[in-house]
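[1] dropping the sequence and predicted coords here.
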Amino acid sequence: MRCPVCGGSCLESAAEMIQQREELFLSCPACRDTILDKRSPPSFRRKMPCAACGKRPLDEIIADCWTIMAEEGDLSFTAPVMATGIPLIHPGVALTAPPHLGNTSMVFLSRSVRHEAAERIVAEVPEIKGVVHDNGLVPGIAEKDETLQTYHTNTRCAGCDVRANIFETMEAPVTVFMQQSYAHIEYPRGFDPKLIATATNVIRHQPEVFVDPTCGVGTLSITAGKYHIPRIIMNDAWGYAAYWAAINLEINRDALGLDHVKMHIAYPDVQKAPVRTEPLKVADAFGDDTHYEVWWGDMNRLGTVLTDKVCLTAIDLFNKENRHRMAGIVHQWKNGIGGEVFIP
Ligand SMILES: [Zn+2]
Ligand SMILES: [Zn+2]
């Protein structure tokens, strides 16, 4: 499968990544450890990768970004390392030590970076596959906008910003890809309460039909799918989530026992208008005794396309601390759709 953003091979290595995930970012005996003081400018310039394993410590890569950004005028020469930006390791895995990175293993997010420095970073720092300008707002549909009309994105400046996270679960690991400019930052911690809540509820209720109406890039549904649910219905109003959720079914196809995933939309459809109210089907995926659907639309309209009696629904919204609002949403779902509901 070609990467929909860059046309390259970003998505092709999923099985290999999972297999190697434990040693991917470890140092070798010949590696140096470099830990910078994040409150000062870096104390050195460019260093060569380890001759034995070809990796470099994360802080040396950040120092390279700092140097290029300072040379291009995006940072002052007295700026501390921590002003550079946020490294997002690819694939994201729970780390036990400061990581050592090989080529194309990080997307770099920065509030200060501009186009020229971004181009140079991708060209000159081989560990970095893409640079994203952080516009300061969480990408996606604005939380408080009930009409779904306002949304935010970050800006891809150079390279490809597609990256993956690998979440450990009680079953096989779950790998989800996303385009970072259009996704909120999520990172596996090794202990992920939402995934545990999902597995626990699925085991308890043994649903015939599971609905994930705010599915994001599909992490919870793919976790649930490890427990052999006959029907799974995924949905998101944010097209950059729904599209990647469908791609992630393809990525996890073997682990989910799916024979094939049929896409009904293309990436440019999402780019044209990323938010939808009326549900549009993004993909069907079929296995021997399973059928997944991915929809793109407002969760409050999803009832119009549900054909089976829903047994279990996971409602995963931001701001779930607002208990009054969450209670209202759960109440409305139970009245309109029915079945059990949990908030992971
Ligand atoms: Zn790509
Ligand atoms: Zn090494």
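    Arrived safely, thanks for sending. Ligands and ions are numbered 1, 2, ... in the order given.
[2] please report phi then psi for the closest residue to ligand 1 within the stretch 51-200 of the chain.
    Among the residues of the stretch 51-200 of the chain, C160 lies closest to ligand 1, at 3.2 Å counting by C-beta to the ion. For glycine as for every other residue, the C-beta is placed from the backbone atoms N, C-alpha and C. Torsion angles at C160 (phi, psi; degrees, to the nearest 10) stand at phi -120, psi 130.
[3] quick one: contacts for it?
    By C-beta atoms under 8 Å, 6 or more residues apart in numbering, the contact list for C160 reads C3, V5, C6, G8, C10, K129, G130.
[4] for it, give its distance to V122.
    Computed as C-beta to C-beta, to the nearest Å, the C160 to V122 distance reads 9 Å.
[5] which residues are in contact with the residue in the stretch 201-344 of the chain positioned nearest to ligand 2?
    Closest residue of the stretch 201-344 of the chain to ligand 2, C-beta to the ion: I251 (29.1 Å). Listed by C-beta under 8 Å, 6+ apart, the contact partners of I251 are L11, A14, A164, T175, V176, F177.
[6] what mean pLDDT does the one helix or strand the fourth one maps to get?
    Using DSSP states H and E, T175 maps to strand 174-179. When the per-residue pLDDT values of strand 174-179 are averaged, the result is 96.
[7] next, the buried residues of the helix or strand just after it.
    Sequence order places helix 193-205 as the next helix or strand after strand 174-179, per DSSP H and E. Under the neighbour-count criterion of 16 or more other C-beta atoms under 10 Å, helix 193-205 has K194, L195, A197, T198, A199, N201, V202 buried.
[8] for these, which one is nearest G339?
    Distances from G339 to the buried residues of helix 193-205, taken as C-beta to C-beta, are shortest for N201 (11.4 Å).
[9] which ones are touching the nearest residue to that closest one once chain neighbours are set aside?
    Nearest residue to N201 in three dimensions, chain neighbours excluded: F342, at 4.8 Å (C-beta to C-beta, 6 or more residues apart in numbering). Applying C-beta under 8 Å, 6+ apart, we find F342 in contact with A197, N201, L312, T313, A314, I315.
[10] F342 bridge partners, please.
    Per DSSP bridges, the residues bridged to F342 are A314.
[11] thinking again about what came up before, most surrounded residue in the contacts of C160?
    Tallying neighbours with other C-beta atoms under 10 Å puts G130 at the head of those, with 28 neighbours.
[12] hmm, that one is touching T155, no?
    No - taking contacts as C-beta atoms under 8 Å, G130 lies outside contact range of T155: 11.3 Å.
[13] show me where the stretch 201-344 of the chain has helices.
    Along the stretch 201-344 of the chain, the segments classed as helices by DSSP state H, counting those that start in this stretch run 219-225, 239-251, 253-256, 267-272, 323-336.
[14] how about those helices in a markdown table, adding mean pLDDT?
    Shown next, in a markdown table, are the helices of the stretch 201-344 of the chain (pLDDT from 0 to 100):
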| stretch | mean pLDDT |
| --- | --- |
| helix 219-225 | 97 |
| helix 239-251 | 97 |
| helix 253-256 | 91 |
| helix 267-272 | 96 |
| helix 323-336 | 89 |
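[15] would CSV of those helices with distance to T34 be doable?
    Formatted as CSV, those follow (distance: least, C-beta to C-beta, whole Å):
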stretch, distance to T34
helix 219-225, 33
helix 239-251, 33
helix 253-256, 37
helix 267-272, 38
helix 323-336, 45
